[in-house]
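A.B. asks: Could you look at this predicted model? Sequence included:
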Amino acid sequence: QWTTSSIVDEQVARIKAQVGDGKAICGLSGGVDSAVAAALVQRAIGDRLTCVFVDHGLLRAGERAQVERDYVAATGVNLVTVDARERFLDALAGVTDPEQKRKIIGREFIRVFEQAERDLKAEGDYSFLVQGTLYPDVVESGGGAGTANIKSHHNVGGLPDDLQFTLVEPLRALFKDEVRRVGTELGLPETIVQRQPFPGPGLGIRIIGEVTAERLDILRKADAIAREELTSAGLDRSIWQCPVVLLADVRSVGVQGDGRTYGHPVVLRPVSSEDAMTADWTRLPYDVLERISTRITNEVNEVNRVVLDVTSKPPGTIEWE
Ligand code: XMP
């Protein structure tokens, strides 16, 4: 019988068999998948797991603190934070193509881990890399038989050919709802287990156009406002996720007070979904949309328009890139 506890037992046994008495590194993204993958591996190999959190500068407001404070409090896991903000910005300079962005971010992630591994060498030989790859990631990156490559999810299609780790991917056969149940079974708190999905490449694929530090700051502010309003309206559990997308190369004329503005639009992309393979756009209440729009245009100087994405998946994907 395929129960949650049997999934846990089976995966813990597999991880023990695969890793033996070796050591593993797990990149934490702040999301559910890597948090649950790490907790599974921690259950199997204890403190021979070290988690590495890469601050790639493409994070949302408050995410670094969430990992450093909340996840460590819940699990007691060994955590190393690497500040790689400059490195990612440099690598992304001038890049506008979505697939190229994804591949660069995936590559830089791995390079940072490899550097972290070298730094950890003093404590032993970390030759395993834990990833929270889910079944839909595998399918959509063309990993399943007869499937097209729709997007290179950073943790599947973006891996370099000369990878220096053996991958441990305990969630590879699971869908998101199963991963959440596994997390609960492992004793992770609700705030982690019920977190909405956020893509590994982060805000880098929510800026349409080149990714710069200034544009990231703009998007971070707009995103934080949207999340705050959705949370205070009690909508976190009923929507799957709500990407906020900055159309960085688009400008439009507006008016504020007595003055003309020439700012950027942001797109709200609220979706409802079971597993992210398909999605419907969420009919958010008008008063919530109004509060988000008013606050973003008032509080984020560079943004003078808020637009709503009313496309289902298919034909749209959830993220814009
Ligand atoms: P799309 O845009 O393909 O997104 O409809 C489906 C779900 O996957 C998330 N997503 C990613 N997650 N690495 C991830 O870990 C990625 O590269 C990535 N790209 C998209 C997206 O937020 C949605 O939940």
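C.D. replies: Done, it's in.
A.B. asks: Just the element for residue 224, please.
C.D. replies: Residue 224 is located in helix 213-232, with elements delineated by DSSP states H and E.
A.B. asks: export that helix as CSV, just CAs?
C.D. replies: This file holds the C-alpha atoms of helix 213-232, laid out as CSV (Å, rounded to 0.1, in the frame of the first residue of the first chain):
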residue,chain,number,x,y,z
ALA,A,213,19.9,44.9,-9.2
GLU,A,214,17.6,47.8,-9.7
ARG,A,215,14.9,45.8,-11.4
LEU,A,216,15.1,43.1,-8.8
ASP,A,217,14.5,45.7,-6.1
ILE,A,218,11.4,47.0,-7.9
LEU,A,219,10.0,43.6,-8.4
ARG,A,220,10.8,42.6,-4.8
LYS,A,221,8.8,45.5,-3.5
ALA,A,222,5.8,44.9,-5.7
ASP,A,223,5.9,41.1,-4.9
ALA,A,224,6.0,41.8,-1.2
ILE,A,225,2.9,44.0,-1.4
ALA,A,226,0.9,41.4,-3.4
ARG,A,227,1.9,38.6,-1.0
GLU,A,228,1.0,40.8,2.0
GLU,A,229,-2.5,41.6,0.7
LEU,A,230,-3.2,38.0,-0.4
THR,A,231,-2.2,36.7,3.0
SER,A,232,-4.2,39.2,4.9
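A.B. asks: Which elements pack onto it?
C.D. replies: strand 207-208, strand 244-247, strand 259-268, helix 286-299 (3 or more Cβ pairs under 8 Å, 6 or more residues apart in numbering; DSSP states H and E). The way it works is simple: take the backbone N, C-alpha and C, and place the C-beta from them, glycine included.
A.B. asks: Now distance to the ligand too, for these, in TSV please.
C.D. replies: TSV is the format used below for the helices and strands packed on helix 213-232 (distance: least, Cβ to the nearest ligand atom, whole Å):
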stretch	distance to the ligand
strand 207-208	13
strand 244-247	11
strand 259-268	13
helix 286-299	19
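A.B. asks: hang on, the earlier thing: run the chain-centre distance for the helix holding residue 224.
C.D. replies: In this view, helix 213-232 has its centroid 15 Å away from the chain centroid, taken as Cα atoms, centre = their mean, to the nearest Å.
A.B. asks: Quick check: phi and psi at residue 240.
C.D. replies: Phi and psi for residue 240, reported as degrees, to the nearest 10, are phi -70, psi -50.
A.B. asks: Grab the nearest non-local neighbour of it.
C.D. replies: In space, and not counting its chain neighbours, residue 240 is closest to residue 273: 4.1 Å by Cβ to Cβ, 6 or more residues apart in numbering.
A.B. asks: What number of residues are in the vicinity of that neighbour?
C.D. replies: Residue 273 has 18 neighbours, counted by other Cβ atoms under 10 Å.
A.B. asks: Spit out the contact partners of it.
C.D. replies: Counting by Cβ atoms under 8 Å, 6 or more residues apart in numbering, residue 273 touches 240, 279-280, 313, 318.
A.B. asks: do residue 130 as well
C.D. replies: Taking Cβ under 8 Å, 6+ apart, we find residue 130 in contact with 24-27, 34, 37-38, 41, 49, 167-170.
A.B. asks: With residue 207 instead?
C.D. replies: Counting by Cβ under 8 Å, 6+ apart, residue 207 makes contact with 215-216, 219, 245-246, 248.
A.B. asks: does it have beta-bridge partners, and which?
C.D. replies: Beta-bridge partners for residue 207, by DSSP bridges, are residue 246.
A.B. asks: any idea how far residue 57 is from it?
C.D. replies: Relative to residue 57, residue 207 is positioned 12 Å away (Cβ to Cβ, to the nearest Å).
A.B. asks: do residue 91 as well
C.D. replies: According to Cβ to Cβ, residue 91 stands 11 Å off from residue 57.
A.B. asks: What residues does the stretch 201-321 of the chain have near the ligand?
C.D. replies: With Cβ under 6 Å from any ligand atom as the criterion, the stretch 201-321 of the chain meets the ligand at residues 201, 241, 276, 313, 317-319.
A.B. asks: Tabulate those (CSV), appending neighbour count.
C.D. replies: Compiled in CSV, those are given as follows (neighbours: other Cβ atoms under 10 Å):
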residue, neighbour count
201, 30
241, 21
276, 20
313, 16
317, 16
318, 21
319, 19
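A.B. asks: among those residues, which two are most distant?
C.D. replies: Using Cβ to Cβ, those span at most 17.7 Å, a distance reached by 201 and 313.
A.B. asks: what's near enough to touch the spatially most distant residue from the centre of the chain?
C.D. replies: Distance from the C-alpha centroid of the chain, by Cα atoms, centre = their mean, peaks at residue 258 (40.3 Å). For residue 258, the contact set (Cβ under 8 Å, 6+ apart) is empty.
A.B. asks: Need the phi and psi values for it.
C.D. replies: phi -100, psi 0.
A.B. asks: Distance of it relative to the ligand?
C.D. replies: The spacing between residue 258 and the ligand, counted by Cβ to the nearest ligand atom, to the nearest Å, is 40 Å.
A.B. asks: Okay, buried residues for the longest helix along the chain please.
C.D. replies: In the chain, taking DSSP state H as the definition, the longest helix is helix 98-120. Across helix 98-120, burial judged by 16 or more other Cβ atoms under 10 Å covers 98, 101-106, 108-110, 112-114, 116-117, 120.
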